[in-house]
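S.K.: sequence? don't have it. structure:
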């Protein structure tokens, strides 16, 4: 049966216990997995480096043996012995060559791969010399050589072969060193990695491991053949990572190099740290149970009181008050709860309606109709006004003086627009967008817009007369059918208009910068037709407005004298 705590205190206690337990043991698990992954990665890198070190060490020794074999092959007495039939003297000379080159064996081989003499009593594996001679003869150059692994009397050697020429090849000198326990110990000293050499039948040739571990490794060797990377094996009671390399010999058989590193030994310091983490996690869990009991008891009492107050507010009673305030976050929550209930209804209404708009006309409409997304199509007149040379002015005045001047300018222009029934839609830096005919319909919206433009020119002239840096104004006016209404999101609305007519008005304002037009105010043909008394206008022809396929006929409106 599953226990399901019903009280908040019991649920809080259970939550704390579960969170602390999950956090501590999840941390332990992730750290353990990370340690294991890192240890495996480091061991793989070390095994790869050890294999590379083995190859380089063999290559270096073969290089030295090759140089010694070539030197001996040029020795005239040795050539004479190879031509003659004194095998005993030849064997003695080969022993001198072995000692000089610090090799483990030196053999003289006839061109037909027949062994002539050797420092080793062990017989080479069948076909070893024939294979080496074939490899050497396949090389280009005046003094061809070859090298390979091979067996002598069941022991593994690395062998190099060089020709004896007089001037034709009269024999071959084979020099090699033994792959034995001494060599394995030397390689372990260089790499820190344990290694074992196996013959093709799985017999141990040399190893740095204890006998019991070698037996486990030999048993696992068939499953490791052909693997590209490392593999985990249980060796001598410990988990180890093992990688193998195949060593091609001169016969149909081969040898195998097995490199291994104990994963348990690599992880031992990490496992000690993980055990300490488990101990700390257990202590943390016990402490969390003790503390959560007291915390839950202190937390539930004020929460129960707030629940009762919430139910009263849900019924519409905003007069609810807390009986006492605690000196902590819950006390401040109770105080904030009381402050919220005092003005909740009225504040929400003002925030939802008036705070979303700034225009009195728009606010009046929202109070009457409500604030909802959407709009209606209607004909309005849009006015765009912009300061000319504002960028240059910005470079000349300090920021504080520039802001003061801009605020005075916008205040005068706004007054001129609103005095003619216009509604400020928005300020765009030093630019103004105003509407005539929305949200309140006006039968003479076009006339009001033109009159407002003249009033703005007059207000600007008065502002320039105050001795401040002179300002210039450009006004574009267009009348069109647009969609007017509340635009934005459910949380924040803005009453505005959208449509092609808005873009045209903005483009007309930009055309006032054209010097040959000699005007501060440009209206479209639609505005001129809609105006009952447009005043003195001059035709400026038709212009292609950016973003609009059809050209627009425009007129300059001169300010009355």
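M.R.: Cool, got the structure. As the structure is a computational prediction, the values presented were derived from the model and not from experiment.
S.K.: quick one, longest strand in this protein?
M.R.: The single longest strand within the chain, with elements called by DSSP state E, is strand 472-488.
S.K.: Tell me the strands beside the helix or strand following that strand, with direction?
M.R.: Moving toward the C-terminus from strand 472-488, the next helix or strand (DSSP states H and E) is strand 493-498. The pairing partners recorded for strand 493-498 under DSSP bridges are strand 472-488 (antiparallel).
S.K.: Give the closest residue to residue 444 in space, chain neighbours not counted.
M.R.: Distances taken as C-beta to C-beta, 6 or more residues apart in numbering place residue 532 nearest to residue 444, at 6.3 Å, with adjacent residues excluded. Where you see a C-beta, it was placed from the backbone N, CA and C, and this is true even at glycine.
S.K.: got it, and residue 264?
M.R.: In this structure, residue 264 finds its nearest non-sequential neighbour in residue 238, 4.4 Å apart by C-beta to C-beta, 6+ apart.
S.K.: Now do the phi/psi pair for the one you found.
M.R.: phi -120, psi 150 (degrees, to the nearest 10).
S.K.: Show me what stretch 219-228 is in contact with.
M.R.: Contacts with stretch 219-228, where a contact means C-beta atoms under 8 Å, 6 or more residues apart in numbering, come from 198, 202, 231, 233, 235, 242-244, 246, 256, 258.
S.K.: Which strand residues bridge residue 477?
M.R.: residue 383, residue 523.
S.K.: Does it touch residue 526 like I think?
M.R.: No. If you go by C-beta atoms under 8 Å, residue 477 and residue 526 don't touch, sitting 9.6 Å apart.
S.K.: Look at these two and report which has more neighbours.
M.R.: residue 477 (30 against 20; other C-beta atoms under 10 Å).
S.K.: How much space separates that one from residue 260?
M.R.: 89 Å (C-beta to C-beta, to the nearest Å).
S.K.: ok so, going back, what comes up buried for the longest strand of the chain?
M.R.: Within strand 472-488, the residues scored as buried using 16 or more other C-beta atoms under 10 Å are 473-480, 482-486.
S.K.: can you check stretch 33-52 too?
M.R.: Here stretch 33-52 shows 35, 39-40, 43, 46-47, 50-51 as buried, counting by 16+ other C-beta under 10 Å.
S.K.: now, which of those residues sits nearest residue 380?
M.R.: residue 35 (71.8 Å; C-beta to C-beta).
S.K.: How about the contacts made by that closest one?
M.R.: Taking C-beta under 8 Å, 6+ apart, one finds 267, 270-271, 274 in contact with residue 35.
S.K.: and with 10 Å instead?
M.R.: 266-267, 269-271, 273-274 (C-beta atoms under 10 Å, 6 or more residues apart in numbering).
S.K.: just checking, next helix/strand downstream of whichever strand or helix holds it?
M.R.: Element membership for residue 35, per DSSP H and E: helix 8-73. As assigned by DSSP H and E, the chain's next helix or strand after helix 8-73 is helix 76-83.
S.K.: Give me the angle between that following helix and helix 8-73.
M.R.: 80 degrees (axes from the mean of the first three to the mean of the last three C-alpha atoms, to 10 degrees).
S.K.: buried stuff in the helix or strand just after helix 76-83?
M.R.: As assigned by DSSP H and E, the chain's next helix or strand after helix 76-83 is helix 87-101. In terms of neighbour count (16+ other C-beta under 10 Å), helix 87-101 has its buried residues at 90-91, 93-94, 97-98, 101.
S.K.: leaving aside the residues next to it on the chain, what's closest to residue 553?
M.R.: Nearest to residue 553 is residue 525, by C-beta to C-beta, 6+ apart, at 4.0 Å.
S.K.: again with residue 387
M.R.: Nearest non-adjacent residue to residue 387 (C-beta to C-beta, 6+ apart): residue 430, at 4.3 Å.
S.K.: from memory the one you found sits against residue 384, does it?
M.R.: No. With contacts defined as C-beta atoms under 10 Å, residue 430 does not count as touching residue 384, sitting 11.7 Å away.
S.K.: just to revisit the earlier point, now the buried members of the contacts of residue 35.
M.R.: Using 16+ other C-beta under 10 Å, the buried members of these are 266-267, 270, 274.
S.K.: Would you reformat those residues as CSV and include pLDDT?
M.R.: Output for the buried ones among the contacts of residue 35, formatted as CSV (pLDDT from 0 to 100):
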residue, pLDDT
266, 83
267, 82
270, 83
274, 80
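S.K.: Can you tell me which of the residues you listed end up in helices?
M.R.: 266-267, 270, 274 (DSSP state H).
S.K.: And those residues, which is closest to residue 156?
M.R.: residue 266 (29.3 Å).
S.K.: circling back: nearest to residue 20 among the buried residues of helix 87-101?
M.R.: The closest of these, once distances to residue 20 are taken by C-beta to C-beta, is residue 101, at 70.5 Å.
S.K.: need the contact list for the closest one.
M.R.: Residue 101 neighbours (C-beta under 10 Å, 6+ apart): 64-69, 71-72, 175, 177.
S.K.: tell me which element the nearest residue to residue 108 once chain neighbours are set aside falls in.
M.R.: Residue nearest to residue 108 in three dimensions, not counting chain neighbours: residue 116, with 4.2 Å by C-beta to C-beta, 6+ apart. Per DSSP H and E, residue 116 falls inside strand 115-118.
S.K.: Counting by contacts, list what that strand packs against.
M.R.: With contacts taken as 3 or more C-beta pairs under 10 Å, 6 or more residues apart in numbering; DSSP states H and E, strand 115-118 sits against helix 76-83, helix 87-101, strand 105-109, strand 169-178.
S.K.: quick check: angle from the second one to strand 169-178?
M.R.: The one in question is helix 87-101. Using the same axes, to 10 degrees: helix 87-101 against strand 169-178 is 50 degrees.
S.K.: Kindly report the same for the first one.
M.R.: Here the directions of helix 76-83 and strand 169-178 differ by 110 degrees (the same axes, to 10 degrees).
S.K.: Pull the residues that contact helix 76-83.
M.R.: 72-73, 75, 86-94, 96-97, 108-110, 116-117, 164-166, 170-173.
S.K.: buried residues in that helix?
M.R.: 78-79, 81-82.
S.K.: Tell me the gap between that helix and the middle of its chain.
M.R.: 71 Å (C-alpha atoms, centre = their mean, to the nearest Å).
S.K.: again, but for the shortest one
M.R.: Its chain's C-alpha centre and that of strand 105-109 lie 62 Å apart, by C-alpha atoms, centre = their mean.
S.K.: quick one on the thing from earlier: which members of the buried residues of helix 76-83 are the farthest-apart pair?
M.R.: Maximum distance among those (C-beta to C-beta): 7.3 Å, for 79 and 81.
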